[in-house]
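*Asks:* this one's sequence-less:
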């Protein structure tokens, strides 16, 4: 089910930082790579919110997050990566998790 902003239930759980609901939705077959109308995935939303438990849940959700173009570390159109978002938000535990999970620490945005 999607809402008027193109959000799925998993987007909403990610925004609210609810890892238990996110895990239940993933087990029920929720698409971890679904994008809302702003092309954000649940992982990107969880990272921006600093929701470590949801970020961890999504990164550990299985191979689906890396399939069908679902590279969780891809930059947006301006070169901003999920790691950049975590750093901008001062979410250090999320930064550590992303680095430990393979995020590109040398990626630069359009401003260099």
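*Replies:* Yes, it's here. From a predicted model like this one, the values you see are computed outputs, not experimental measurements. Residues are numbered from 1 along each chain as shown.
*Asks:* helices along the chain, start to end?
*Replies:* 9-16, 19-27, 42-49, 52-59, 82-88, 92-100 (DSSP state H).
*Asks:* single out the most deeply packed of these.
*Replies:* The highest mean neighbour count among the helices of the chain, using mean count of other C-beta atoms under 10 Å, belongs to helix 42-49: a mean of 25. In this view, the C-beta of every residue, glycine as well, is placed from N, C-alpha and C.
*Asks:* now that one and helix 9-16, what's the angle there?
*Replies:* 10 degrees (axes from the mean of the first three to the mean of the last three C-alpha atoms, to 10 degrees).
*Asks:* pLDDT on helix 42-49, on average?
*Replies:* Average pLDDT, helix 42-49: 94.
*Asks:* show me the shaky parts of this protein.
*Replies:* Residues of the chain meeting the criterion pLDDT under 70: 1-4, 63-64, 66-70.
*Asks:* thinking again about what came up before, pipe the helices of the chain into TSV and attach distance to residue 107 per row.
*Replies:* Output for the helices of the chain, formatted as TSV (distance: least, C-beta to C-beta, whole Å):
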stretch	distance to residue 107
helix 9-16	22
helix 19-27	26
helix 42-49	14
helix 52-59	17
helix 82-88	7
helix 92-100	11
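*Asks:* so which of these is nearest residue 109?
*Replies:* Of all the helices of the chain, it is helix 82-88 that lies closest to residue 109, at 6.3 Å by C-beta to C-beta.
*Asks:* if we can go back for a sec, closest to residue 110 out of the helices of the chain?
*Replies:* Among the helices of the chain, the nearest to residue 110 by C-beta to C-beta is helix 82-88 (11.1 Å).
*Asks:* out of the helices of the chain, nearest to residue 112?
*Replies:* Between residue 112 and the helices of the chain, the shortest separation by C-beta to C-beta is 12.4 Å, and it involves helix 82-88.
*Asks:* which outside residues touch the closest one?
*Replies:* Residues from elsewhere that reach helix 82-88 (C-beta atoms under 8 Å, 6 or more residues apart in numbering): 43-44, 47-48, 50, 72-73, 75, 94-95, 98-99, 103-105, 107, 109.
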